[in-house]
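K.L.:
When you get a sec, could you give me coordinates for this:
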Amino acid sequence: MFTTTHLHPMLVHFPIALLMLGFLAAVLALIYKKETCFSVAAFYILVMSALAALAAYLTGEFFTSDMSGAADEVKEVHELFASITFYSVLVNAALSIYLKIRKNENKTLQWIVFALYCISAIAVSITGFYGGVLVYQYMMPL
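P.N.:
Numbers count the residues shown, from 1 in each chain. Predicted structure coming up:
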């Protein structure tokens, strides 16, 4: 039987995969500066990541059940890094869109975008780790 509690586990894989792929494209754009396809891919994947992160964040916020004890402590850490991921990717996407619309080639802002991409990739990895701990240690029957 399908319930709304299934939405979050179904959606979380998209921002994880998209952020990691986009970050890889951003790294490749730094290495192969003359190949614009990597920076273009990093931009569009970042925008898709922001939308996927929004969906995952909202379903986690509104459609997951409460926990207690050690599971609640793990969930708190998971939620902290989910928030860091969500807000960093949101700010990064907004800044990237701004740079794209203004055709701004400010190197400092481009490095900030890259740093935020890096923060987002690290934060989503930690979020995913603690999400896995929640599922496999506290929710899956042995």
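K.L.:
right, and the helix or strand after the lowest-mean-pLDDT helix or strand in the chain?
P.N.:
Least confident helix or strand of the chain, by mean pLDDT, DSSP states H and E, is helix 7-11 with a mean of 89. Next helix or strand after helix 7-11 toward the C-terminus (DSSP states H and E): helix 13-31.
K.L.:
After that next one, which helix or strand is next?
P.N.:
By DSSP H and E, the next helix or strand past helix 13-31 is helix 36-63.
K.L.:
Run the angle between that following helix and helix 13-31 for me.
P.N.:
150 degrees (axes from the mean of the first three to the mean of the last three CA atoms, to 10 degrees).
K.L.:
For the helix or strand following helix 36-63, buried residues please.
P.N.:
Following helix 36-63 in sequence order, the next helix or strand is helix 70-102 (DSSP H and E). Neighbour counts over helix 70-102 (16 or more other CB atoms under 10 Å) mark 74-75, 78-79, 81-82, 84-93, 95-96, 99 as buried. Where you see a C-beta, it was placed from the backbone N, CA and C, and this is true even at glycine.
K.L.:
same question, stretch 105-113
P.N.:
Buried, per 16+ other CB under 10 Å, within stretch 105-113: Gln110, Ile112, Val113.
K.L.:
Would you reformat these as a markdown table and include pLDDT, secondary structure and distance to Cys37?
P.N.:
What follows is the buried residues of stretch 105-113, written out as a markdown table (pLDDT from 0 to 100; DSSP: H, G, I helix; E, B strand; the rest coil; distance: CB to CB, whole Å):
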| residue | pLDDT | secondary structure | distance to Cys37 |
| --- | --- | --- | --- |
| Gln110 | 91 | helix | 17 |
| Ile112 | 95 | helix | 22 |
| Val113 | 94 | helix | 17 |
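K.L.:
you'd agree Ser49 is up against Met20?
P.N.:
No. Applying CB atoms under 8 Å as the test, Ser49 and Met20 come out as separate, 9.3 Å apart.
K.L.:
So between the two, which is more surrounded?
P.N.:
Ser49 (30 against 17; other CB atoms under 10 Å).
K.L.:
got a list of what that one touches?
P.N.:
Pro15, Leu18, Leu19, Gly22, Val89, Ala93, Ser120 (CB atoms under 8 Å, 6 or more residues apart in numbering).
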